[in-house]
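> this is a predicted model, with the sequence first.
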Amino acid sequence: MTDAGPPGLDKEIHHPTRLTVAAFLSSCAEAEFSTVRDYCGVSDSVLSKTVAALEKAGYVSVRKGYFGKRPRTWVALTLTGRQALTAHLAALEALAGAARRAGAEAQGAGGADGGTDIEMPLGA
């Protein structure tokens, strides 16, 4: 791997908070800032910086307005953002699939040192 990361991974969306925001927004037309913040479990400032970075990349749009007399901010994933998320998730799956195949081949060959196989439960 290089500093840019594996091919196909989107550096703008790869950060866990950015990926979480994009994934959350992919299921709705738009969401209120506080709803996204609460789902992601981050502070206002962290989400604000995350949204600003995604907006700069063209992946989200921000709409400000009022609900009654209270100011509100809504965030939506753009078409470009949806496409980037889909491509990023496909690249992650390809990366994981390649790693699983390489691991299975290494295990089938007796491992790198020819030693015994150790079984580990998934998720360990």
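Okay, I see it.

> CA only for contacts and neighbour counts going forward, please
Noted.

> which stretches of the chain form strands?
Using DSSP state E, the strands found in the chain span residues 31-32, 60-67, 70-77.

> can you list the helices and strands that the last one packs against?
What that stands for is strand 70-77. Taking 3 or more CA pairs under 8 Å, 6 or more residues apart in numbering; DSSP states H and E as contact, the helices and strands that strand 70-77 lies on are helix 16-25, strand 31-32, helix 33-40, strand 60-67.

> could you check the angle helix 16-25 makes with that strand?
90 degrees (axes from the mean of the first three to the mean of the last three CA atoms, to 10 degrees).

> which residues does strand 70-77 contact?
Strand 70-77 has contacts (CA atoms under 8 Å, 6 or more residues apart in numbering) with 22, 25-26, 28-33, 51, 59-66.

> got the confidence number for the most centrally placed residue in the chain?
The centre of the chain sits closest to Leu19, judged by CA atoms, centre = their mean, with a distance of 2.2 Å. Looking at Leu19, its pLDDT is 97.
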